[in-house]
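Q: Build me a structure from this.
(chains A, B, C and D)
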Protein chains: 2
Amino acid sequence: MNRTWNQYVVKQENKTLVLSTIINETPISRAHVAQITGLNKGTVSSLVSELIDEELVEESGPGESSGGRRPVMLLFNGKAGYSVAVDLGVDYLLGVITDLTGQIVYEEKLQLPDPNFEVVFPLLTKLIQQLIDRAPKSRYGVIGIGVGVPAVVSHDGEILLAPNLNWKKIQLKQQLEQVFDLPVYIENEANAGAYGEMRYGFDSMTKHMVYVSISIGIGVGMILDGKLYTGLSGFAGEVGHMTIVKNGRPCRCGNLGCWERYASEQALIDEAVTRQILNQQQPDPFKHLIELAAKGNQEAITLFEEIGTYIGIGLTNCINIFNPEQVIIGNQFIDAKQWIYPAIKAYVDHHTIGFHQLDLKIDFARLGVYSTASGMAAFTVENFLLSQKT
Amino acid sequence: MNRTWNQYVVKQENKTLVLSTIINETPISRAHVAQITGLNKGTVSSLVSELIDEELVEESGPGESSGGRRPVMLLFNGKAGYSVAVDLGVDYLLGVITDLTGQIVYEEKLQLPDPNFEVVFPLLTKLIQQLIDRAPKSRYGVIGIGVGVPAVVSHDGEILLAPNLNWKKIQLKQQLEQVFDLPVYIENEANAGAYGEMRYGFDSMTKHMVYVSISIGIGVGMILDGKLYTGLSGFAGEVGHMTIVKNGRPCRCGNLGCWERYASEQALIDEAVTRQILNQQQPDPFKHLIELAAKGNQEAITLFEEIGTYIGIGLTNCINIFNPEQVIIGNQFIDAKQWIYPAIKAYVDHHTIGFHQLDLKIDFARLGVYSTASGMAAFTVENFLLSQKT
DNA sequence: CAACTTTGTTTATTATATAGACAAAGTTTT
DNA sequence: AAAACTTTGTCTATATAATAAACAAAGTTG
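A: Numbering: from 1, shown residues only, chains lettered A, B, ... in the order given. The predicted model follows:
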């Protein structure tokens, strides 16, 4: 069925436009909203009064006069509701409560003893219940639950495959919705991270961005034309399995020479063991390598630089394909920034087609370990605000 | 400035919806349009009567009754205007006139003696003028000019770089608009091909498609969410310069191991010379190799199969990245279909992540040598129809 | 203090979609 | 063949929401 346009749709679209203008420019006056959106002053007034009734917008005191009557400043009421978001990692759960502006108001982290789903699911529901219980009282209460997972996720919230958790075909969204009577959103961890960094990480909204999440493996989230791109079935972005070396190292996906066999945490550790920088039994080997490099261990630094170059190879491919405005590197590897960044930058500068470099920025995730959780909160909040219109 | 929604916008959107429904479902009755679009019968009637006034829609005779009054069938009037589109190749110009349905009504092809812009531009303008002169008389006449070029093209129609033509920084759109007082559209050849194949090549509109144009080099056009993706500056899709072999063959882009050094016409010919299947002076070497393979020359066939495998490597990367519904291989290499397809298919089947294969189709361009020209016609026509609303 | 500015509300007007009545032209049932 | 039903397409009354313009409120400037 096609979408038809009538006066109701017009009103909803304009109301969304007014609300998002207030969110982005808060504090702002009605007159200024009208100027920015191009809507008539009267239209803005009436829409704002509805938003105030819904407690999504508040009036704060008068603002500065610019030579006439002083404006009444409008604020987005981020405390009208709260979201619960969880970053489900390979060996941890990071749960947060955020308000409607994405601000984290409470967090809780725990280690997973075992990646087995039968073990993880009860811990996950317990964590979510604790977060729901702790959420401040508000008009709309907890407006939804978001969970980011290191997995291939279909559009309807089914986990098709999570290689590092050893999960397959799990109806996570459905199962959580049965337990909690709330909207549940499931997304791939890199997609969530990309969205989080776009919404909350950087000031100006980037329309074309590639977010590369590097930890055990490599995942990529793509923001194209300001929207998350998830492909036909929801699992675009398996860039970690891009071939960068023909007949190269075997990968667990069955292919040879995949990017993540050269540029991930796993690749780093394997190579460190081969070169006897680490021994096989070292607990928390990634952290140990970071410490070695920080102490000036030249072998460790060289290894990071080499991995950086491999990251650069895959990034160059992504840049040539997408012509993005910004590339963001996130997850574990942000801790290795000082050693890998020069190598990445050098490779990309020398190997992308010249034009791409003009407007290209390479950054590291600003939200740090919260990229994924924040992104899930953003999904949850945005779906709530869009569904909110009467 | 944001877009605001008022009654004018509503009407335009609905009118576009009605028109595109008629275009896609022609012939169709008013009642059926109302049913498909969800619009009120009265609304459809009034919009259709405007479209009839504008000669974009015609009434044909009565249709079959389904148990009541016989419907009046509506037809899209493809003859209300004509577009002129040119496929500017490395050594040829292919110009076509199409009606508003994309049907080619006249074509003209000529060889380029020299790729130099000073030589090509007069030939191009002469060709376009001839096509304009030959276009049938109609209500709207020639509604625009589209030119597809093997080049990196910016959003404002500037050719930034055309390596195989040796052009740089040419304001092609601007120059043509000065000569002809008509809207001019310039696009990369692969982007145009992708669009042409989506609009006119296949029956069902694919929402996520990757079109790979393989001739001297490799270009890729991407249809994501039903729209052409061109990236921040308009030059996404330089996938030919994706690294598939670390420290591989040097490429003219300055990088090593680029896909097009292994999977293009140039790669094919270079390798054929190295293996002494061809000698260096062979005129039209690609055609010669096709003939050899057709005669059963095993060396030539093996070479095609090897190139097919390399094509498969790059395609696998694209599939893993985009999760498309369809991959289309176009340009010169469609002639080698019978030898390369099995190799491509085998590689892709064995090396893409399992989920992608479920709904994936690999096809060859249906429009053959007209993909690019048809795509440019589609751009031109669609911009005309969108600009047409009063 | 008068004149001007800016903000925000109110009112009359306008454009458009919708529901439903209705006419036209067919098919099906009796 | 007549009556009853169906489907198509137009027309009219109504509702909704955006807009322009008037206006009131509350400031600044000279």
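
Q: What values do phi and psi take at A:Val33?
A: phi -60, psi -40 (degrees, to the nearest 10).

Q: list the contacts for it?
A: If a contact means C-beta atoms under 8 Å, 6 or more residues apart in numbering or on different chains, then A:Val33 has A:Val18, A:Thr21, A:Ile22, A:Glu25, A:Leu39, A:Val44, A:Val48, A:Leu74 as its contacts. C-betas here are computed from N, CA, C, even on glycine.

Q: repeat for A:Ser83
A: Shown in contact with A:Ser83 (C-beta under 8 Å, 6+ apart): A:97-98, A:100, A:142-146, A:376-377, A:380-381, A:384.

Q: any chance of the residues you listed in CSV, with neighbour count, pLDDT and secondary structure too?
A: As requested, those are arranged in CSV below (neighbours: other C-beta atoms under 10 Å in any protein chain shown; pLDDT from 0 to 100; DSSP: H, G, I helix; E, B strand; the rest coil):
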residue, neighbour count, pLDDT, secondary structure
A:Ile97, 22, 98, strand
A:Thr98, 27, 98, strand
A:Leu100, 24, 97, coil
A:Val142, 23, 98, strand
A:Ile143, 23, 98, strand
A:Gly144, 24, 98, strand
A:Ile145, 26, 98, strand
A:Gly146, 28, 98, strand
A:Met376, 33, 98, helix
A:Ala377, 35, 98, helix
A:Thr380, 27, 98, helix
A:Val381, 25, 98, helix
A:Phe384, 18, 97, helix
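
Q: Out of those residues, which comes closest to B:Gly89?
A: A:Met376 (48.4 Å; C-beta to C-beta).

Q: quick one: that closest one and DNA strand D, what's the gap?
A: Applying C-beta to the nearest atom of the strand, to the nearest Å, the value for A:Met376 to DNA strand D is 32 Å.

Q: Show me the shaky parts of chain A.
A: Applying pLDDT under 70 to chain A picks out residues A:1-4, A:354-358, A:389-390.

Q: rewinding a little: which single one of the contacts of A:Ser83 is nearest to DNA strand C?
A: Nearest to DNA strand C among the contacts of A:Ser83: A:Leu100, at 22.3 Å, using C-beta to the nearest atom of the strand.

Q: Look up phi and psi at that closest one.
A: phi -70, psi -10.

Q: which residues touch the closest residue to it other than its chain neighbours?
A: Spatial nearest neighbour of A:Leu100, excluding adjacent residues (C-beta to C-beta, 6 or more residues apart in numbering or on different chains): A:Gly78 at 4.5 Å. When contacts are counted by C-beta under 8 Å, 6+ apart, A:Gly78 touches A:Asp99, A:Leu100, A:Thr101, A:Gln103.

Q: My guess is the second one contacts A:Leu385. True?
A: Yep, that's A:Leu100 we're talking about. Yes - A:Leu100 sits in contact with A:Leu385 when judged by C-beta atoms under 8 Å, with a separation of 7.5 Å.

Q: which residues do those two both contact?
A: Common neighbours of A:Leu100 and A:Leu385 (criterion: C-beta under 8 Å, 6+ apart): A:Leu56.

Q: from the stretch 151-300 of chain A, which residue is nearest to chain B?
A: Going by C-beta to the nearest C-beta, chain B is nearest to A:Gly231 of the stretch 151-300 of chain A, at 2.9 Å.

Q: How is that residue assigned, secondary-structure-wise?
A: Here A:Gly231 is coil, with the state taken from DSSP: H, G, I helix; E, B strand; the rest coil.

Q: That one - how many residues pack around it?
A: Using other C-beta atoms under 10 Å in any protein chain shown, A:Gly231 has 22 neighbouring residues.

Q: cool, and A:Thr16?
A: So A:Thr16, with other C-beta under 10 Å, has 16 neighbours.

Q: again, but for A:Glu64
A: 8.

Q: follow-up on the earlier one: the residue nearest to A:Leu100 and DNA strand C: what is the separation?
A: A:Gly78 is 20 Å from DNA strand C, by C-beta to the nearest atom of the strand.

Q: so how far is A:Ile22 from that residue?
A: In this view, A:Gly78 and A:Ile22 are 11 Å apart by C-beta to C-beta, to the nearest Å.

Q: Not counting sequence-adjacent ones, nearest residue to the spatially most central residue of chain A?
A: Geometric centre of chain A, nearest residue: A:Gly193, 2.0 Å, by C-alpha atoms, centre = their mean. Of all residues not flanking A:Gly193 in the chain, A:Ser371 sits nearest, at 3.9 Å (C-beta to C-beta, 6+ apart).

Q: Next, that neighbour: phi, psi?
A: With angles defined as degrees, to the nearest 10, A:Ser371 sits at phi -50, psi -50.

Q: residues contacting it?
A: Contact analysis of A:Ser371 by C-beta under 8 Å, 6+ apart lists A:Ala192, A:Gly193, A:Gly196, A:Glu197, A:Gly201, A:Tyr211, A:Ser213, A:Gly330, A:Asn331, A:Ala365.

Q: From what I see, the fourth one and A:Leu367 are in contact.
A: In this case it means A:Glu197. Yes - between A:Glu197 and A:Leu367 there is a contact under C-beta under 8 Å: 6.1 Å.

Q: quick one, which of these two is more surrounded?
A: A:Glu197 (29 against 22).

Q: what kind of secondary structure is that one in?
A: Classification of A:Glu197 using three-state DSSP returns helix.

Q: how close does it sit to DNA strand D?
A: 33 Å.

Q: how about stretch A:109-126: buried residues?
A: When burial is assessed from 16 or more other C-beta atoms under 10 Å in any protein chain shown, stretch A:109-126 yields the following buried residues: A:Leu112, A:Phe117, A:Val120, A:Leu123, A:Leu124.

Q: now the last one: how far from DNA strand D?
A: Going back to what we said before, that points to A:Leu124. In terms of C-beta to the nearest atom of the strand, A:Leu124 sits 41 Å off from DNA strand D.

Q: for the first one, same thing?
A: With the distance defined as C-beta to the nearest atom of the strand, A:Leu112 ends up 49 Å from DNA strand D.

Q: and A:Tyr211, backbone torsions?
A: phi -110, psi 120.

Q: Please read the previous query as pertaining to A:Ala300.
A: When quoted as degrees, to the nearest 10, the phi and psi of A:Ala300 stand at phi -60, psi -40.

Q: surely it meets A:Ala272?
A: Yes - A:Ala300 lies in contact with A:Ala272 (C-beta under 8 Å); the separation is 7.4 Å.

Q: shared neighbours of those two, anything?
A: Taking C-beta under 8 Å, 6+ apart as the criterion, A:Ala300 and A:Ala272 both touch A:Leu289.

Q: show me the contacts for the nearest residue to A:Val18 once chain neighbours are set aside.
A: Of all residues not flanking A:Val18 in the chain, A:Leu47 sits nearest, at 4.8 Å (C-beta to C-beta, 6+ apart). The contact partners of A:Leu47, taken as C-beta under 8 Å, 6+ apart, are A:Lys11, A:Asn14, A:Lys15, A:Val18.

Q: Helices - which of those residues land there?
A: The helices, defined by DSSP state H, take in A:Lys11, A:Asn14, A:Lys15, A:Val18 from the contacts of A:Leu47.

Q: Enumerate every residue touching the closest residue to DNA strand C within the stretch 101-250 of chain A.
A: The nearest approach of the stretch 101-250 of chain A to DNA strand C comes at A:Arg139, 21.1 Å away (C-beta to the nearest atom of the strand). Contact analysis of A:Arg139 by C-beta under 8 Å, 6+ apart lists A:Glu55, A:Ala80, A:Gly81.
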